[in-house]
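Undergrad: return atomic coordinates for the entry below.
(2 chains)
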2 protein chains.
Amino acid sequence: MKPACESALLTDLYQLTMLQAYWQHGMDGEAVFELFVRKLPESRAFLVAAGLEQALDFVEGARFADDELAWIERSGRFAPGFAQWLSELRFTGDIWAMPEGTVFFADEPVLRVVAPIAQAQWLETRLLNLIHFQTAIASKAARCVLAAQGRTLIDFGLRRAHGAEAGLLAARAAYLAGFAGTATVLAGARFGIPVFGTMAHSFVQAHDSEAEAFARFAESFPQHTVLLLDTYDTVAAARRVVELAPRLAARGIEVKGVRLDSGDLDALARAVRRVLDAGGLRRATIFASGNLDEHRVAALAASGAPIDSFGIGTSLTTSSDAPYLDAVYKLQEYAAMARRKRSAGKSTWPGRKQVWRARDASGRFCGDLVTLHDEPGEGEPLLVPVMRGGRRLPQPALADARARCREQLEALPPALRILTPPWPAYPVTIGAGVRRLAGEVDARTP
Amino acid sequence: MKPACESALLTDLYQLTMLQAYWQHGMDGEAVFELFVRKLPESRAFLVAAGLEQALDFVEGARFADDELAWIERSGRFAPGFAQWLSELRFTGDIWAMPEGTVFFADEPVLRVVAPIAQAQWLETRLLNLIHFQTAIASKAARCVLAAQGRTLIDFGLRRAHGAEAGLLAARAAYLAGFAGTATVLAGARFGIPVFGTMAHSFVQAHDSEAEAFARFAESFPQHTVLLLDTYDTVAAARRVVELAPRLAARGIEVKGVRLDSGDLDALARAVRRVLDAGGLRRATIFASGNLDEHRVAALAASGAPIDSFGIGTSLTTSSDAPYLDAVYKLQEYAAMARRKRSAGKSTWPGRKQVWRARDASGRFCGDLVTLHDEPGEGEPLLVPVMRGGRRLPQPALADARARCREQLEALPPALRILTPPWPAYPVTIGAGVRRLAGEVDARTP
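TA: Below is the predicted model:
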């Protein structure tokens, strides 16, 4: 059986029950589903769209393997012939989406699927699973980037990410949002993201003296000698590095940097900087890690702590202060009729829509307008075609998405670049055409 | 290239750099690493060990594929011959662990690896990634189980779980902790977990009338007719179900239940129950979902709301109030010498250890003792051998782990079964032998 990330059974059972009902009742009209976030987490002023690349991979490759169909037949839940019908299911529809790296807000569709209803329904669970996660991480990472004010950020969070795919794709989302790289080797191999890493405390502990551990590591990695200082006593370790440096220099090895991973990082960075500078290691950089998030990075940057780079782990890869978004995938039109749900607190805006973003004279975002897709608008239309007839259109490379995200963060209204609420509401206007359509749908629906 | 969950490159770069240094310097002594949680999240009174099965799969299968080795060579970071050495790397050591479903606390090793240092170091990132996640989810799920007081719980959280593996393994961890099943089809196919599911709002919306949607679904799933009521108006929909029921009964179809997914679930459940009962549908059950967590489930259970089953999604699969644990994997011994780090706030207890759990006369847990592994203790030794010489020993089935978890939750001190802090500290005593050893290590380490 295929791994989870490739399995057609990685879906909710109700997708399959609905597919059977659509099939049995001959419902094959065109459906329009939109993926959007109903409400931003309290700790987010904006979100960054990410995960489209993996979503398109999924849609293009979606099909049931023989052993998956056999399981469906064996389960005894489904009608005769359904597995056979599923075996031929492919996505043949169209998808529009915001390019990765686009900043967006609540109630704005980031992706629209147009296809026969069974095909469009079929995608729901995994599309959400892929886009929700990378969007959550890219949005968290963007806050870290704003906090760091140009200092280098590295993703350190694989070990406490939620499983394999989360670790890999968090590295991608963080890079997209402006991180310089990751410790996750596979993200380097798979996506070409720069990979960083040195040593753990265990390496120091396994030697009878810290100095010996440092010397051996430097010998093994003469081009990448970054030494971890806090296994026993951070400042004493910095003095050991200074003592060791001339011996290494004699062999052509330069200490590129040191890493602090615990304690009062502000005070320790200053103390270590003094020791390194006094010892002639002015070029050695200081790397800090250990329970960091955007708030701690901002405080260290604001205080002027001499830290060149930060490793951010768990808080990034779990988006720990906002580990989920209220992301949903909703039917907005079927068989040429607009549709909406009116569930308490969860009602939706009907119809297939477009999002227009206006900028002020300085290029800053000043307001979005949500219209029906064929209505005129002003500014940049954020949803663009990404798949036609089941085939993906040429997509921006990861470097392009990263550049787009950088530009988007620069164009954010300054009040939204602040890390903590309250934030002014960014103006997202639901256009008159959408509102009128909602009234028409309500008048029609019992 | 293999998917993330099977790739040997799903690791931190520093594991590879340390491996090269160990290899180059001939360091092949026996290392002991222990995996433990330093401190519990503020919203957790206990944790439930989970993920061992997948961890052992990983360890038994760990090796580098040819294309992974080729990437390592191409990266230009490593010494000549290192990739060749890596190609022959296999885990040949021993592992002890707490059985899945075991309740545990801070500072207690849940897993111990004993192997040549490169082999043991090699496992760190993915071992943590696997055990950290399932333990976080099983611990969250156990709280939901306590809250539900015997009502049925179903995992609904795949769409907002952090990627594919998180969705699949959250279903497993929740089932292990006492959930009745999941909506995730693959969890049924892979682990034999019962799978549940009905219809989404889109199914109702795609029909011109709600009554037609209900009738069609019932025809398609006569044995599993559960109808979703809240697309437009929950109580009106319940009346439609009652109107429809005789027509369905005439064709041998019984409405098994209804689902509420929004609004005031307490009031709506009571209103819907009255409508169903008055309409002769006394046997139809009420299923509730929509932004539920253990606190809302406890409140609904306490108020006597007539809800038979709960679907819990995002809060479960992201463990949203505690999306990570302070889980670490630390070197405790190398080359027959105990080791410890003394980093500020992160110092460790050295040596290879055992955890003993005592029970009172009523069978309730009354205190744990952490000893050196060869010291005597009283009660149940929680760490047992699970792998010898790189081969897994026979392991309990998932049903057995689930039964163990149920027994463990029953044996919890009543004060720890409460959902909110403050909790009394559960007594975990670090034994005199461990403390003495820490003093000896400190005296020896500069």
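
Undergrad: what segments of the stretch 201-350 of chain A are helices?
TA: Applying DSSP state H, counting those that start in this stretch to the stretch 201-350 of chain A gives helices spanning A:201-205, A:210-220, A:234-250, A:265-278, A:294-303, A:314-317.

Undergrad: and stretch A:306-320, how far from the chain's centre?
TA: Centre-to-centre, stretch A:306-320 and its host chain are 14 Å apart (CA atoms, centre = their mean, to the nearest Å).

Undergrad: do stretch A:1-15 as well
TA: That offset, for stretch A:1-15, works out to 22 Å (CA atoms, centre = their mean).

Undergrad: with stretch A:368-375 instead?
TA: Centroid displacement of stretch A:368-375 relative to its chain, using CA atoms, centre = their mean, is 26 Å.

Undergrad: what sits up against stretch A:411-422?
TA: Stretch A:411-422 is contacted from outside by A:42-43, A:45-46, A:103, A:143, A:146-147, A:294-295, A:298, A:359, A:363-366, A:409, A:423-424, A:426, using CB atoms under 8 Å, 6 or more residues apart in numbering or on different chains. C-betas here are computed from N, CA, C, even on glycine.

Undergrad: give the ChimeraX command for selecting the buried subset of the residues you listed.
TA: Applying 16 or more other CB atoms under 10 Å in any protein chain shown to these, the buried members can be selected in ChimeraX as follows:
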select /A:45,46,103,143,146,147,294,298,365,366,409,423,426
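
Undergrad: show me the strands in the stretch 1-150 of chain A, by range?
TA: A:30-37, A:47-48, A:94-97, A:103-104, A:111-116 (DSSP state E, counting those that start in this stretch).

Undergrad: export the ones you listed as TSV, with columns for mean pLDDT.
TA: Shown next, in TSV, are the strands of the stretch 1-150 of chain A (pLDDT from 0 to 100):
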stretch	mean pLDDT
strand A:30-37	98
strand A:47-48	98
strand A:94-97	98
strand A:103-104	98
strand A:111-116	98
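
Undergrad: quick one, which of the ones you listed is nearest to residue A:282?
TA: strand A:47-48 (36.8 Å; CB to CB).

Undergrad: tell me if that closest one is near chain B.
TA: No - Strand A:47-48 lies apart from chain B when judged by CB under 8 Å from any CB of the partner chain; the minimum separation is 14.1 Å.

Undergrad: tell me what that strand is packed against?
TA: For strand A:47-48, the packing partners by 3 or more CB pairs under 8 Å, 6 or more residues apart in numbering or on different chains; DSSP states H and E come out as strand A:103-104, helix A:124-148.

Undergrad: so which of those gets nearest chain B?
TA: Closest approach to chain B among the helices and strands packed on strand A:47-48 is made by helix A:124-148 (4.0 Å; CB to the nearest CB).

Undergrad: so does the closest one get close to chain B?
TA: Yes - interface with chain B: helix A:124-148 contributes A:124, A:125, A:126, A:128, A:129, A:130, A:132, A:133, A:136 (CB under 8 Å from any CB).

Undergrad: list buried residues within those.
TA: A:124, A:125, A:126, A:128, A:129, A:130, A:132, A:133, A:136.

Undergrad: ok, back up a step: so which of the strands of the stretch 1-150 of chain A gets nearest residue A:249?
TA: strand A:47-48 (43.7 Å).

Undergrad: tell me the strands beside the closest one, with direction?
TA: strand A:103-104 (antiparallel) (DSSP bridges).

Undergrad: how far out from the middle of the chain is the partner strand?
TA: 12 Å.

Undergrad: name the residues that touch it?
TA: A:37, A:46-49, A:98, A:110, A:355, A:365, A:382, A:405, A:408-409, A:411-412.

Undergrad: most widely separated two among the residues you listed?
TA: Pairwise over the contacts of strand A:103-104, using CB to CB, the maximum falls at A:37 and A:411, 19.9 Å.

Undergrad: domains of chain A?
TA: A:4-137+A:322-444, A:163-317 (automatic domain parsing).

Undergrad: what about the longest one, start to end distance?
TA: I take that to be domain A:4-137+A:322-444. For domain A:4-137+A:322-444, the first-to-last residue distance is 42 Å (CA to CA, to the nearest Å).

Undergrad: equivalent analysis for the shortest one, please.
TA: Counting by CA to CA, the length from the leading to the trailing residue of domain A:163-317 is 10 Å.

Undergrad: what mean pLDDT does that domain have?
TA: Averaged across domain A:163-317, pLDDT comes to 97.

Undergrad: residue A:126 touches residue A:11, doesn't it?
TA: Yes - Residue A:126 is within contact range of residue A:11, at 6.3 Å (criterion: CB atoms under 8 Å).

Undergrad: output the helices and strands packed on strand A:47-48 as CSV; include the columns distance to residue A:199.
TA: CSV is the format used below for the helices and strands packed on strand A:47-48 (distance: least, CB to CB, whole Å):
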stretch, distance to residue A:199
strand A:103-104, 38
helix A:124-148, 24
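
Undergrad: single out the most deeply packed of the domains of chain A.
TA: domain A:163-317 (a mean of 21; mean count of other CB atoms under 10 Å in any protein chain shown).

Undergrad: residue A:168 is nearest to which of the helices and strands packed on strand A:47-48?
TA: helix A:124-148 (10.5 Å).

Undergrad: quick one: that closest one to strand A:30-37, angle?
TA: 30 degrees (axes from the mean of the first three to the mean of the last three CA atoms, to 10 degrees).

Undergrad: is it true that residue A:424 lies in a helix?
TA: No - counting by DSSP: H, G, I helix; E, B strand; the rest coil, residue A:424 is not found in a helix; it is coil.

Undergrad: chain B: which of the contacts of strand A:103-104 is nearest?
TA: residue A:37 (11.1 Å).

Undergrad: that closest one: what's it in contact with?
TA: Per CB under 8 Å, 6+ apart, neighbours of residue A:37: A:47, A:104, A:106, A:107, A:108, A:110, A:135, A:325, A:326, A:327, A:328.

Undergrad: export those as CSV, with columns for distance to residue B:205.
TA: Below are those laid out as CSV (distance: CB to CB, whole Å):
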residue, distance to residue B:205
A:47, 26
A:104, 24
A:106, 21
A:107, 18
A:108, 21
A:110, 20
A:135, 25
A:325, 23
A:326, 19
A:327, 19
A:328, 13
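
Undergrad: now residue A:442: which helix or strand?
TA: helix A:432-444 (DSSP states H and E).

Undergrad: so how far is that helix from its chain's centroid?
TA: 34 Å.

Undergrad: what's the nearest residue to the residue positioned nearest the centre of chain A if we skip its chain neighbours?
TA: Chain A has residue A:134 as the residue nearest its centroid, 2.6 Å off, counting by CA atoms, centre = their mean. Nearest non-adjacent residue to residue A:134, counting by CB to CB, 6 or more residues apart in numbering or on different chains: residue A:51, 3.3 Å away.
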